[in-house]
Every structure is written in structure tokens, then in C-alpha cells.
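Undergrad: predicted model follows, preceded by the sequence.
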Amino acid sequence: MGDSPHYDVIIIGTGAGGGTLAHRLAPSGKRVLILERGDYLPRERDNWDSTAVFVRGKYRAPEFWLDKHGKEFPPEVNYYVGGNTKFYGAALFRLRPEDFGELRHHDGLSPAWPIRYEELEPYYTQAEHLYKVHGHHGEDPSEGPYSAQYAYPPVAHEPRIQQLSDDLEKRGLHPFHLPIGVDLLQDENGRATPSSVCIRCDRVDGFPCLVRGKSDAQVICVEPALRHPNVEMITDARVVRLETDPAGHTVSRVLTRSGDGSEASYSADVVVVACGAVNSAALLLASADDRHPRGLANSSDVVGRHYMRHNNLALMAVSKEPNPTRFQKTLALHDWYLGSDDWDYPLGGIQMLGKSDAEQIHGEAPRWAGAVTPDMPFAVLAHHAVDFWLCGEDLPLPENRVTVDGDGQITLALDENNNTAGLKRLRHELQRMLGHLGMHEHQLLSRSIYLHKGMPIGATAHQAGTVRFGDDPATSALDVNCKAHDLDNLYVVDTSFFPSIGAVNPSLTAIANALRVGDHLLERLR
């Protein structure tokens, strides 16, 4: 095992947290090493093939985790430069101000954060501008204050989605343009201009972007960071262990193993973990030593606990009129985010999904038996499909946790019925409106294939909460700057730090926080 040069900062992971942090630190001149367990995602036609991506899971990591019963399942993880942002839908929402305080839900309390919305707000603005988020502040009455408008205008609705927006407004609701990160230039009719990178296709949601038009961490942050001579990246470098100095006060070595079994060791003044909430917790737990017998940063015994992943439903309605929309992910609705007239607890939010096609619908067919008109071909059904994503908050229960055995096998224990009553009510709100929205009233079908064949535990795209931050070292692993309470030079900047998850996609909050922690590190390194 050969030793490499010493660095100022080592960042483990290249997703929304790690990739963004690298971008923030790159202009400083400090020596930054990025370690990525995967490689660059191959650019090929299968990137946009529904059967390859959704049915065969071609790009999903070929690994299995165990559930609390010891049963194997395939997690929704992708190990490539850019992390899971290569496959995300680029819906980049801010948490609501109320999400930073204590919120009472039907099944319990969502805890308060150690920072307020106002402290993260400037970084939300920076994150929106960096990731080219298109939207319009002021349309969503549930959003918090903002210091600057989006730098890019909303992605225009196509006619069928504009009609949906108009029909929702007629119901007294407040639909708004979904904030989405794409490199899009639109003409006066909302079409992609000849010079636009994004082409407004139907492959934005769940697919990697062949034309680099989606704002993923590789395109937006990692590649620009690597243009600086002080930043380097090593791929195929899975970090298997962090070792500490004899006193146990600092991380002294980062140990990696490549696909061919070769090992290497690296060191830095600051080590930042950003592997995703499950793998970050697993790495810290697997790095237990005599000074840290329960794992690094884990004197509080919270590392791996409080796992969250949202309560989600991917649903398809059937429009009475054809829906020729291609870029469908342009609308969202938060009228029931914090409650409804007959329910005192939060329900969550509704947003559009990417447009389903005949191949995806064909993959769903066995689970839809008897639920659709038998004489409607898949292609016709797809042409009438309108796709929705319902997102509700789950709660950070200590028994929902990640553990790892001596061989590195990850176990994810999860209560799949945690705080689901609000999501059921949210589905009911959508269901009862279908007839007023030009949809067939009794055909609201589950798109289980979008959630990896209907296994809630396998839908790990929104994973969070396993290395929570807080003011009290007895109940949190990280301080407010996302530094481990127990070690002087260890930070965590992916969604692990979340004490609660709200009911919006977590990516923008991870990005904004990485910018915030980056400023802290620049001051520390200075």
C-alpha cells in the first residue's frame, strides 16, 4: 500500500454534497483530492432507453442490502461521477421555513434544526443560480422569503399541463412552476432555441442526460472544479475505512480499494464524507477502533439511526384528451403541504413526474391487471398518461437505521408505515379532483416501476438523516458546521446531516449546505 501526497482537503463522493463542496473550494488554491468509488457514466443510447434504465436497471449498482429480516433487496443507488444527481429529476425545491422548526405530524414530531431558514437562505439563492434552476419565486404561497429571484425563467408548460394548471386554479388552488435545474434557453413559445443545451425531451426524470442539459453535479461542479490545477480526482477508489491518530482526535488516513483489489492510502488536514446517507453512515461505522468502538463520530450512538427517505407515491392518471406533452415536469402544488381544512397535520406536496412511455407502461402491466381498459394498447394509454409524484414527510425514528457487519454488508431497518396517513390523504385530494381536471376519475394507477418495482425500502433516492447535526453532542453526531463533535477534522456534507426531511426533494438543501460548509472550511483553512 503506497502513500500518496498529503492534501489540504479530501472529499469522498461527487454528488450534490461532495461535488458542490469541491466546486466551492477549487478557486482557493488549496490542494483538494476527490475520491469517487465509481467512474464516469458511459454516454450511450441506453442512457435514454426506458427498458434499460427502469426495467433492467442497467445503471443501478450491482449490490444488495439486507432488510431488518435479513432479506436481500437492490437499493436505488448509482455509483458514478456526479452520484445520484446523474439520475435525479433535478427538482430543486427549498425546504419551507416551517420545516426548520418543530412540526407536529399525525404519527409524531418532526424535530427542529439547529439553524433557521434565514441562515440557509443566502446559500439557497447561490445554489439556485449555480445549478441553473428555472422557476419564479412568489408563485408558491408556501415558500419562504427569498433574497433574489431565480436567475432563469420558469420552464413553460406545454398545452396539456397549462390546461391542468388552469383547472387547478379554477378549483381555488395555487399551482406553480416547478423549480428545475436544466441548461435551457426558450423562445417566445417555450420551445428550446437552436443554441439551447436542453432540448425539452421526455428523458429528464430518472434518466442520465445524454446532451448534458440536466444540472447534475458532474456537469455543474466536478468538471469545473477539475479545471483548477490544485484539484484532482481519483475514480474507482472506494473508501473502505478511515483511520485516526493514536489519540483518536483526527482522521489520519483514508484507505481505498479499487475494483482490481489494489489498495491505497491518503491523508489530509480535513476529511469530508459525502457518500450518501446510507454509505456515509456505513463508512463511519466500519471505521470503529479502540478510541471509537461504536464507529467514528458516534459517541452519541446516533450514526446510522434516524434514516429517512420520504413517503412517496408515483401515480399515473389517464387524461380524457391526449397528452402529447414531452417535458412534463413543470408544475407543482403545495396547498396541502402543512395541512388541509379537515386535517391538522401536514400532507405533503404534489409535482409532475417525467412523462411515462409505452415501455414503462408495459413494465407495469402485470401489476395493473384489471385496472385499465383491456382494449387500450400501451401506446394509446401512454399518449393519455399524466404522471404525478406525491411526496410526504416521514419521521426520523431511531429504529430506522443503517448497520454494517464485519464483511461490510449493509443492513437497512425500516418501518415502511411511518407517518403515512398524510400521504394517503394527499392521494385522496388528487383522486377526488380527477374529474374536474379532465381525467378518468377511477384510474389513478401506481407507477411502481419508478419506485423499483414497488419496494418502498428499495427507493433510496431521497435517503437522509443518518449522521444528524445539532448543538448537543449527546444527541447528534455533527455540530452546526457539519463537523463531527468527536473529531477535529471530519465533516459530513451529504443529506446525512438532516435532522428532518420535510416533504420536498432534498437535493437543493444538500447543495446549499455544501456551499455553507465550504465557506466555513475556507475560513478554517485560511
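TA: Nice, I can see it. Residues are numbered from 1 along each chain as shown.

Undergrad: what's Thr403 sitting at in phi/psi?
TA: Dihedral pair for Thr403: phi -130, psi 160, per degrees, to the nearest 10.

Undergrad: which element is the closest residue to it other than its chain neighbours on?
TA: Spatial nearest neighbour of Thr403, excluding adjacent residues (Cβ to Cβ, 6 or more residues apart in numbering): Thr411 at 4.8 Å. Bear in mind the C-beta positions are built from the backbone N, C-alpha and C, glycine included. Applying DSSP states H and E as the criterion places Thr411 in strand 410-413.

Undergrad: continuing past that strand, what's the next helix or strand?
TA: Using DSSP H and E, the first helix or strand after strand 410-413 is helix 421-433.

Undergrad: in that next one, what's buried?
TA: 421-423, 425-427, 429-431, 433 (16 or more other Cβ atoms under 10 Å).

Undergrad: got it, and stretch 261-274?
TA: Those would be 264, 266-274, for stretch 261-274 by 16+ other Cβ under 10 Å.

Undergrad: same check, this time on stretch 183-202
TA: Neighbour-count burial for stretch 183-202 [16+ other Cβ under 10 Å]: 183-184, 186, 190, 192, 196-202.

Undergrad: got any ranges where this structure has weak pLDDT?
TA: The chain contains residues with pLDDT under 70 at 1-3, 365-375, 449-456.

Undergrad: state the helix or strand in which Arg160 lies.
TA: Using DSSP H and E, Arg160 falls in helix 159-170.

Undergrad: please apply the same query to Ala510.
TA: helix 507-525.

Undergrad: list the helices and strands that helix packs on?
TA: Identification of packing neighbours for helix 507-525 by 3 or more Cβ pairs under 8 Å, 6 or more residues apart in numbering; DSSP states H and E yields strand 2-12, helix 18-25, helix 117-130, strand 263-273.

Undergrad: may I see the buried residues of it?
TA: For helix 507-525, using 16+ other Cβ under 10 Å, the buried residues are 507-518, 521.

Undergrad: about what we covered before: mind giving me CSV with the helices and strands packed on helix 507-525 and columns for distance to Ala90?
TA: Putting the helices and strands packed on helix 507-525 into CSV (distance: least, Cβ to Cβ, whole Å) gives the following:
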stretch, distance to Ala90
strand 2-12, 22
helix 18-25, 14
helix 117-130, 12
strand 263-273, 24
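
Undergrad: comparing those, which comes out most buried?
TA: Across these, the average number of neighbours (mean count of other Cβ atoms under 10 Å) peaks for helix 18-25, which reaches a mean of 29.

Undergrad: list the helices and strands it packs on?
TA: Using 3+ Cβ pairs under 8 Å, 6+ apart, helix 18-25 sits against strand 2-12, strand 32-35, helix 117-130, helix 217, helix 223-226, helix 507-525.

Undergrad: what's the first one in contact with?
TA: Under the contact criterion Cβ atoms under 8 Å, 6 or more residues apart in numbering, strand 2-12 has outside partners 18, 21-22, 25, 30-35, 239, 254, 264-275, 283, 521, 525.

Undergrad: flag every buried residue along the helix holding Arg160.
TA: 160-161, 163-165, 167-168.

Undergrad: pull the CA atoms of stretch 228-247 into CSV?
TA: Extracted in CSV, the C-alpha atoms of stretch 228-247 (Å, rounded to 0.1, in the frame of the first residue of the first chain):
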residue,chain,number,x,y,z
HIS,A,228,-8.1,24.1,-11.3
PRO,A,229,-4.6,22.7,-11.1
ASN,A,230,-4.9,22.3,-7.3
VAL,A,231,-7.9,19.8,-7.6
GLU,A,232,-7.5,16.2,-8.6
MET,A,233,-9.9,13.3,-8.7
ILE,A,234,-9.3,9.5,-8.5
THR,A,235,-12.1,7.3,-9.7
ASP,A,236,-12.6,3.6,-8.9
ALA,A,237,-11.5,4.5,-5.4
ARG,A,238,-13.9,3.1,-2.9
VAL,A,239,-13.1,4.3,0.6
VAL,A,240,-13.3,1.3,2.9
ARG,A,241,-12.0,2.8,6.2
LEU,A,242,-11.0,6.0,8.0
GLU,A,243,-8.1,5.6,10.5
THR,A,244,-7.5,8.0,13.3
ASP,A,245,-4.3,9.2,15.0
PRO,A,246,-3.2,7.4,18.3
ALA,A,247,-5.2,9.8,20.4
